[in-house]
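Undergrad: task: produce atomic coordinates for the following.
(chains A and B)
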Amino acid sequence: AQRVTQPEKLLSVFKGAPVELKCNYSYSGSPELFWYVQYSRQRLQLLLRHISRESIKGFTADLNKGETSFHLKKPFAQEEDSAMYYCALTVGGNFNKFYFGSGTKLNVKP
Amino acid sequence: DAGVTQSPTHLIKTRGQQVTLRCSPKSGHDTVSWYQQALGQGPQFIFQYYEEEERQRGNFPDRFSGHQFPNYSSELNVNALLLGDSALYLCASRRREGFNGELFFGEGSRLTVL
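TA: As a prediction, the model looks like this:
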């Protein structure tokens, strides 16, 4: 069965420090992976997709199929990065089911 | 464009009652999915509707049912409510064609079952 695991419920870092939010998944096929973010008082929204290999707001994520991981990284955290981050996986065609992890709250301290 | 809108925002029910939650998708979107988010958890997929039919379903009992209307709006119905159904219910919309993985979420309906 598909599963997404985010081992840290809370991650606190100081402004300017590097940040890495961990995500591990279980799926035997070729997954599509995403990071979604929810800022305070805002809706859940897409941050980035692994297939795009993009950097959004300084964040990057690399899919490591050997370790079944999709960790989110940023070299220098900013206070505005404080939010809930959810790793998500989709499988199966155009009518995709999304499987979300339980989320990591990132707190960037001044 | 108001984006995805959900109603009601909050509601309180008692065990055994039934509830209907409503969702209007973002303009131009034709596919709606529903998620249950319990406190401290990530969203869990309930089901997805396209062309007024349920296309995919998660691991939820038959007490959870839905509907999609010709204007693409959708309803989630939960019968015989249990205390464990207390959660935030999120609606997400997307366009079927050219889907790139971006779901657009509503603000949710917070259901409390007493």
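Undergrad: for the worst-scoring helix or strand of chain B on mean pLDDT, packing partners?
TA: Here the helix or strand of chain B ranked lowest by mean pLDDT, DSSP states H and E is strand B:53-57, holding a mean of 93. For strand B:53-57, the contact count by 3 or more Cβ pairs under 8 Å, 6 or more residues apart in numbering or on different chains; DSSP states H and E identifies strand B:44-50 as packing neighbours. Quick note: C-beta positions are derived from backbone N, CA and C, even for glycine.
Undergrad: looking at chain B, which residue lies furthest from center?
TA: Each residue of chain B has a distance to the centre, and by Cα atoms, centre = their mean the biggest one is for B:G98: 22.2 Å.
Undergrad: and that residue, what does it touch?
TA: Not one residue lies near B:G98 by Cβ atoms under 8 Å, 6 or more residues apart in numbering or on different chains.
Undergrad: give the helix, strand or coil label for it.
TA: The three-state assignment at B:G98 reads coil, by DSSP: H, G, I helix; E, B strand; the rest coil.
Undergrad: how many residues are close by the residue of chain A found nearest chain B?
TA: As assessed by Cβ to the nearest Cβ, chain B sits closest to A:F100 within chain A, at 3.5 Å. When neighbours are counted by other Cβ atoms under 10 Å in any protein chain shown, A:F100 registers 21.
Undergrad: can you show me the strands along the chain?
TA: Chain wasn't specified; assuming chain A. A:3-5, A:10-14, A:19-21, A:24-26, A:32-38, A:45-49, A:60-61, A:72-74, A:83-91, A:97-100, A:104-109 (DSSP state E).
Undergrad: hm, I was asking about chain B
TA: Under DSSP E, chain B gives strands at B:5-7, B:10-13, B:19-24, B:31-37, B:44-50, B:53-57, B:64-68, B:74-78, B:87-94, B:104-105, B:109-113.
Undergrad: stretch B:50-58: which residues count as buried?
TA: B:Y50, B:R55, B:Q56, B:G58 (16 or more other Cβ atoms under 10 Å in any protein chain shown).
Undergrad: export those to CSV and tack on distance to B:G84?
TA: Shown next, in CSV, are those (distance: Cβ to Cβ, whole Å):
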residue, distance to B:G84
B:Y50, 28
B:R55, 26
B:Q56, 22
B:G58, 15
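Undergrad: cheers, nothing more for now.
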